[in-house]
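**Student:** sharing a model prediction with you, sequence too.
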Amino acid sequence: MKKVLFLCSKNKLRSPTAEAIFNNVDDWEVYSAGISNDAEVHVSVEDIEWADYIFVMEKAHKKKLSSKFGRVIRDQKVISLDIPDDYEYMDKKLIEILQSKVPGLVH
């Protein structure tokens with residue numbers, strides 16, 4: 001079972017979309033959270049330690065994650081998908097982007 005964590009700022013649009021569309025992939029356990037203080041669901045140390053793959057939507061999220069969780073995140077591979085905050089939840093274009101990028105990065 002591959003444990004995949006999706007992170008964005010507030011856990012309202014991009015990362016919950018990713019969680020929703022990859023939730024039924026065989027051999028994947030999927031979760032999403034936010035990095036900002038006002039996130040719907042806050043990422044925790046436990047989330048980071050749980051994950052085999054951590055996907056952030058923007059490079060800025062990777063920096064914020066490193067500053068908040070320095071030692072914990074050091075041994076984890078964090079992959080930026082470079083998806084700007086231009087999409088609504090379950091936006092068709094966002095789904096296409098996620099489906100084109102993510103599966104090839106999870107081995």
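**Tutor:** That came in fine, so what should we check first? Note that the structure is a prediction, hence the values are computed from the model and not measured. Numbers count the residues shown, from 1 in each chain.
**Student:** run through who's touching stretch 84-94.
**Tutor:** 8, 9, 12, 13, 14, 16, 17, 20, 57, 58, 83 (CB atoms under 8 Å, 6 or more residues apart in numbering). C-beta here means a position set from N, CA and C on the backbone, and glycine is covered the same way.
**Student:** go with 10 Å
**Tutor:** The list of residues contacting stretch 84-94 from outside it, by CB atoms under 10 Å, 6 or more residues apart in numbering, reads 8-10, 12-14, 16-18, 20-21, 57-58, 83, 95, 97-98.
**Student:** with stretch 8-16 instead?
**Tutor:** Counting by CB under 10 Å, 6+ apart, residues outside stretch 8-16 touching it are 5-7, 17-19, 31-43, 55-58, 60-61, 64, 81, 83-91, 94, 97-98.
**Student:** what about the strands in this structure?
**Tutor:** For the chain, the strands defined by DSSP state E cover 2-8, 28-34, 53-56, 78-80.
**Student:** can you mark which positions in the top helix by length along the chain are buried?
**Tutor:** If you go by DSSP state H, the chain has its longest helix at helix 59-74. Residues of helix 59-74 classed as buried under the neighbour-count rule (16 or more other CB atoms under 10 Å) are 61, 62, 64, 65, 69, 72, 73.
**Student:** can you redo those as JSON lines with pLDDT?
**Tutor:** Shown next, in JSON lines, are the buried residues of helix 59-74 (pLDDT from 0 to 100):
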{"residue": "61", "pLDDT": "95"}
{"residue": "62", "pLDDT": "93"}
{"residue": "64", "pLDDT": "93"}
{"residue": "65", "pLDDT": "93"}
{"residue": "69", "pLDDT": "92"}
{"residue": "72", "pLDDT": "90"}
{"residue": "73", "pLDDT": "90"}
